[in-house]
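Undergrad: Structure for the following, please:
(chains A, B, C and D)
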There are 2 protein chains.
Amino acid sequence: MLASPAVMGVSESEYSIAQHSNQAIQMALSRTRTTASTKPAATRSNGGTLQAAKAAQTRSRLLEATVRCIVKHGYANTTTPRVAKEAGLSRGAMMHHFENGAALIKATIIELHEKRLRAFRRAAERPEEHDVDTLVETYWAQVQKPAFIAFHELAVAARTDKELADILLPLQEEFRDRFNAQAHALFPEWGDSPTQFDLAMSLSQTIMEGMAIAVQTGAMDREKVPMMLTHLENQIRAIMPATARATAGKS
Amino acid sequence: MLASPAVMGVSESEYSIAQHSNQAIQMALSRTRTTASTKPAATRSNGGTLQAAKAAQTRSRLLEATVRCIVKHGYANTTTPRVAKEAGLSRGAMMHHFENGAALIKATIIELHEKRLRAFRRAAERPEEHDVDTLVETYWAQVQKPAFIAFHELAVAARTDKELADILLPLQEEFRDRFNAQAHALFPEWGDSPTQFDLAMSLSQTIMEGMAIAVQTGAMDREKVPMMLTHLENQIRAIMPATARATAGKS
DNA sequence: AAATACAATCAGTCATGTATGTTTTTATTA
DNA sequence: TAATAAAAACATACATGACTGATTGTATTT
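TA: Next up is the predicted model:
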């Protein structure tokens, strides 16, 4: 709706730059290739052949470019030419790896989803940082990263885009479930208080995700964040069952 | 990006229906006109002339249609032909009232902004309903209405759209200020506890707005809403200064 | 040589802004 | 007061630019 044509049109020179950087990447890849033949397992993760490795790398570059585009320009302005440019590839080459835009988006969503779950798992694998404060700050850091921003951008778009919703909603449900499972593993002490646990989890997610969006969209001042996080931490400790308070609480 | 061309094309018949309903409205307006000449102040709110009333009505129809489009199809798919169709008007007629898409969006934002503030003021003007529970439920009802959904849709789009941001961000700041002023008027008892007041306000907005978005986008189950609202209400009462607890609290 | 990665080009569709008609309302005056 | 010119509301048509999917062509790998 509100997009001035002059701004939309990308200059020819910019395209050339992209093409140029593309060639640079190609050269770098060629060099990698010659050395890679001696250690196949490292780069040849997929089919074992060189082309497969190249394809996998290009695919991954495209997915990363898609996420960058969504974060920088929004989902609506993430067009196939733009992603190709961002990846330093021609659109034709891109269409070779993903038969259409929908395929690219779908692959990106799945990749994003797994990225978020991996990040969450890594956080869980640090038993020395299982106190409430650290976990809150860790999740707060997460919701400010590109993966979450892109995910929210997609979630908003999916509200009015059935095709997107069909891909995204099942994944969101899976994320919620796995998120909950991880959280249970993190806090075995809450096992006998499922209601409180549920409240603490919902509260954490709502406040931190809501705040991240509010700050991103200018609905809230950044200055209020520390106050809110501190309050949330205290709240979680207050909700916590007395048995757990000794192990995970600090206050 | 992900929009199948077949779905995008709107059938001819739908357009005809819009045209027809348009004529119906015109006829209704004509009838109003003959009677309106006896009581000019009612319908001729603007310049006093009949055309002015007609223009105002059409303008308002266009703004409402824009909001409906944003809510139904998302900001990105809110195109000028779509809005015109939704309003039952030709695109040319629409361009007569708003010289371009930007003007329409800007007017819509201002209208939305004032609508939200009016709704908030109405809530404030009921001294009999100034207890915490009622206020929370009132605001919760607000953030589920089209005005808030559209506003969020615009806020997300503005993150990556400078032109939109230039219109929206100043208005958002104004909204925050007016919102705060209204809230102060609502709770004079908190006057001597600005820090607590700030926390209670931020908490309320973050939780309810965040939850509304989360529910809308499928990130959260609707079932968890009552639990969260109850908790928020209790929280506000806990944060409240002791002097106020007697008047506005229910415990 | 067959297949795969990649590039370039084309036709179709849609949105945007603008220019040009048509009808209705308002103002003016005979 | 009836006729009419000016203005405003509304409709239609056109030119431009962008994205999409598809086709065709080239170089590299197997």
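
Undergrad: and the closest residue to DNA strand C within chain A, what helix or strand is that in?
TA: Going by CB to the nearest atom of the strand, DNA strand C is nearest to residue A:92 of chain A, at 2.5 Å. (Each C-beta comes from the backbone N, C-alpha and C, glycine too.) Element membership of residue A:92 [criterion: DSSP states H and E] is helix A:91-97.

Undergrad: neighbouring contacts of that helix?
TA: The contact list for helix A:91-97 (CB atoms under 8 Å, 6 or more residues apart in numbering or on different chains) reads A:55, A:58, A:59, A:62, A:80, A:81, A:83, A:84, A:87, A:104.

Undergrad: How many residues are close by the nearest residue to the fourth one once chain neighbours are set aside?
TA: Leaving out its chain neighbours, the residue that sits closest to residue A:62 by CB to CB, 6 or more residues apart in numbering or on different chains is residue A:87, at 5.0 Å. Applying other CB atoms under 10 Å in any protein chain shown, we find 26 other residues in the vicinity of residue A:87.

Undergrad: can you pull the contacts of residue A:87?
TA: Residue A:87 sits in contact with A:58, A:61, A:62, A:64, A:65, A:94, where contact means CB under 8 Å, 6+ apart.

Undergrad: can you check residue A:59 too?
TA: A:97, A:107.

Undergrad: Check the gap between it and residue B:238 for me.
TA: 52 Å (CB to CB, to the nearest Å).

Undergrad: before we move on, what about residue A:195?
TA: 19 Å.

Undergrad: hmm, back to that, which one of the contacts of helix A:91-97 sits closest to residue B:158?
TA: Nearest to residue B:158 among the contacts of helix A:91-97 is residue A:83, at 22.0 Å by CB to CB.

Undergrad: what residues are up against that closest one?
TA: Residue A:83 neighbours (CB under 8 Å, 6+ apart): A:62, A:65, A:66, A:69, A:94, A:104.

Undergrad: give me that answer again for 6 Å
TA: Contact analysis of residue A:83 by CB atoms under 6 Å, 6 or more residues apart in numbering or on different chains lists A:65, A:66, A:69.

Undergrad: Run a quick neighbour tally on residue A:194.
TA: Applying other CB under 10 Å, I find that residue A:194 has 10 neighbouring residues.

Undergrad: coming back round to it: between residue A:195 and residue B:238, point out the one with more neighbours.
TA: residue B:238 (14 against 10).

Undergrad: so which helix or strand takes in the more buried one?
TA: helix B:225-239.

Undergrad: Same check on residue A:56?
TA: Going by DSSP H and E, residue A:56 is in helix A:50-73.

Undergrad: The closest residue to residue A:74 other than its chain neighbours: what secondary structure?
TA: With CB to CB, 6+ apart as the criterion, residue A:74 has its nearest non-adjacent residue at 3.6 Å, and that residue is residue B:160. When classified by DSSP: H, G, I helix; E, B strand; the rest coil, residue B:160 comes out as coil.

Undergrad: hang on, isn't residue B:160 packed against residue A:73?
TA: Yes - with contact defined as CB atoms under 6 Å, residue B:160 reaches residue A:73; the gap is 5.2 Å.

Undergrad: On the three-state scheme, the residue lying closest to residue A:76 once chain neighbours are set aside is what?
TA: Distances taken as CB to CB, 6+ apart place residue B:76 nearest to residue A:76, at 3.3 Å, with adjacent residues excluded. Here residue B:76 is recorded as coil under three-state DSSP.

Undergrad: what's the distance between residue B:76 and residue A:190?
TA: From residue B:76 to residue A:190 the distance is 41 Å (CB to CB).

Undergrad: next one: residue A:226
TA: 26 Å.

Undergrad: The two: which has the busier surroundings?
TA: residue A:190 (22 against 9).
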